[in-house]
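Engineer: Next come a sequence and a model predicted from it.
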Amino acid sequence: QVQLVESGGGLVQPGGSLRLSCVVSGIPLDYYAIAWFRQAPNKEREGVSCIDNTDGSTHYIDSVKGRFTVSRDNTKNMLYLQMNNLTPADTAVYYCNANKEHLDYWGQGTQVTVSS
């Protein structure tokens, strides 16, 4: 059984930081591309960042470039998303994702709320 479980969300003030973690079980993570998505209230889910499994390159949407850092630890089957200088626009439920060919696995999400 494949499971992805996120943690690290919470309430933070604007300008603050959070580090999201995602523990993956049931698949060998090093064979999968990984990504973080988010879904804000009344908005569609959007991809935030990903790591290409073929060359290890990282990609970010423009609104988080320079503030978010995605990483993975294949030895621990873990994904991370370091989020700095958070703004209210970053408020959303954040989901981790592992994908390969036709396989696509999701976590249950963790809430991030940025508010003063």
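Structural biologist: Alright, I've got the coordinates.

Engineer: tell me the contacts of the spatially most central residue of the chain?
Structural biologist: Compute the mean C-alpha point of the chain, and by CA atoms, centre = their mean the closest residue is Trp36, 2.9 Å away. With contacts defined as CB atoms under 8 Å, 6 or more residues apart in numbering, the neighbours of Trp36 are 20, 22, 47-50, 70, 79, 81, 94-97. Where you see a C-beta, it was placed from the backbone N, CA and C, and this is true even at glycine.

Engineer: repeat that for 7 Å
Structural biologist: Applying CB atoms under 7 Å, 6 or more residues apart in numbering, we find Trp36 in contact with 48-49, 70, 81, 94, 96.

Engineer: Ok, Lys100 next?
Structural biologist: Applying CB under 7 Å, 6+ apart, we find Lys100 in contact with 31-33.

Engineer: One more pass at 8 Å, please.
Structural biologist: Lys100 makes contact with 31-33, 53, according to CB under 8 Å, 6+ apart.

Engineer: what bridges to it?
Structural biologist: Leu103 (DSSP bridges).

Engineer: cool, Leu4 as well?
Structural biologist: Per DSSP bridges, residues listed as beta-bridge partners of Leu4: Val24.

Engineer: Much appreciated, bye for now.
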